[in-house]
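**Q** got a predicted structure plus its sequence, pasted below:
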Amino acid sequence: MISYCPICAKPVYFAERKRSLGKDYHPLCLKCYRCKRQLSPGQHAEYDEKPYCNHCYLQHFGPRGKTTFN
Ligand SMILES: [Zn+2]
Ligand SMILES: [Zn+2]
């Protein structure tokens, strides 16, 4: 079964897919939408269908003043 990458909308084949948060990404597409850092499956946040690293997510969408991540 082929799924489609939510970032580039192209098919993701089983051998190359990186599955995270219920979606299949290309290895090169699974990166923070803001800072372009490579992300590990299951180790990142998501907002509006876009993957973000935890740092960027907290800075932009998280509660202000919290310093859970350094
Ligand atoms: Zn892709
Ligand atoms: Zn980031």
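**A** Nice, thanks for sending it over. Ligands and ions are numbered 1, 2, ... in the order given.
**Q** let me see the backbone angles for the residue positioned nearest the centre of the chain.
**A** When CA atoms, centre = their mean is applied to the chain, the residue found nearest the centroid is residue 51 (2.7 Å). Main-chain torsions, residue 51, degrees, to the nearest 10: phi -80, psi 140.
**Q** same question for the one 4 residues further on.
**A** Its backbone dihedrals place residue 55 at phi -60, psi -50, with angles given as degrees, to the nearest 10.
**Q** also residue 7?
**A** When read as degrees, to the nearest 10, the backbone of residue 7 gives phi -90, psi -50.
**Q** give me the nearest residue to it, chain neighbours excluded.
**A** If the residues on either side of it in the chain are set aside, residue 7 comes closest to residue 29, at 4.0 Å by CB to CB, 6 or more residues apart in numbering. No exception for glycine: its C-beta is placed from N, CA and C like everyone else's.
**Q** for residue 17, same thing?
**A** Nearest residue to residue 17 in three dimensions, chain neighbours excluded: residue 24, at 4.3 Å (CB to CB, 6+ apart).
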